[in-house]
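Novice: Generate coordinates for the sequence data below:
(one chain, ligands or ions: 1)
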Amino acid sequence: MKFFVDSADVAAIAELNALGMVDGVTTNPSLILKSGRNILEVTREICELVAGPVSAEVVAAKADDMIEEGRKLAEIAPNITVKVPLTWDGLKACKVLTDEGRMVNVTLCFSVNQALLAAKAGATFISPFIGRLDDINLDGLELIADIRQVYDNYDFQTEVLAASIRTPNHVAQCARIGADVITAPPAVIKGLANHVLTDKGLEMFDADWAKTGQTILSL
Ligand code: E4P
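Specialist: Model prediction:
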């Protein structure tokens, strides 16, 4: 399973990238706002840092305008993935941009039927949002499992990019289900290393080691 970082924070992306944890990056208008940066500049910096796909989102509502924005964003770097919303106009833009040979991530997906349409429009990635479904008491992980099954039934090549990931459990369950990619904020990715028994075990080892009176480097 590939790990994408859901962030426009260059320093946080760089930290994870240095550990080999970053297969790609996703951004959206809210993350650009949070970064406080110019979208073209910050996205270019991210593309220079990360070799894999970097999603940059269009903001227009009409297909023709989305296509123009998508082409402009795609000029930033060869690894740009144009992100379009799952609306009818977004699907039209997806078809045109993928026919031009560009990578397209169809975002804001909340149903299997939407995911089917994105695959038929040639999407490179479909982004179902787990956390936002959970927020309204629906089951985001069930949607990932359903899309996985439907795509496999018909051998669709669109990659399932599980988004709106909020917890380490979302990541583990996506891996069990067989999502192709997860995109998560840096804090969630770093949090995957945590386990209460790891902390407890280390405390015990530290206490016992102190009692030996030894230091490895002075032996
Ligand atoms: C995905 O591409 C989105 O940018 C993101 O995962 C949304 O997550 P949120 O629901 O936590 O804002």
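Novice: does the residue nearest in space to the middle of the chain count as helix, strand or coil?
Specialist: Nearest to the mean C-alpha position of the chain, counting by C-alpha atoms, centre = their mean, stands residue 183 at 2.2 Å. Secondary structure state of residue 183, per DSSP: H, G, I helix; E, B strand; the rest coil, is strand.
Novice: and the nearest residue to it once chain neighbours are set aside, how far is that from the ligand?
Specialist: Once flanking residues are discounted, residue 183 sits nearest to residue 4: 3.9 Å by C-beta to C-beta, 6 or more residues apart in numbering. Any C-beta I mention is one placed from the backbone N, CA and C, and that applies to glycine too. Relative to the ligand, residue 4 is positioned 8 Å away (C-beta to the nearest ligand atom, to the nearest Å).
Novice: Would it be right to say that residue 4 lies in a strand?
Specialist: Yes: according to three-state DSSP, residue 4 belongs to a strand.
Novice: and it, what does it touch?
Specialist: 22-26, 52-53, 55, 161, 181-184 (C-beta atoms under 8 Å, 6 or more residues apart in numbering).
Novice: restrict these to contacts with the ligand.
Specialist: By C-beta under 6 Å from any ligand atom, the members of the contacts of residue 4 lying near the ligand are 26, 183.
Novice: and this protein, which residues reach the ligand?
Specialist: So the chain meets the ligand at 6, 26, 28, 107, 127, 129, 131, 132, 163, 164, 183 (C-beta under 6 Å from any ligand atom).
Novice: Can I get the buried part of the residues you listed as one ChimeraX selection?
Specialist: With 16 or more other C-beta atoms under 10 Å as the burial test, the buried ones among the residues of the chain next to the ligand are selected in ChimeraX as follows:
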select :6,26,28,107,127,129,163,164,183
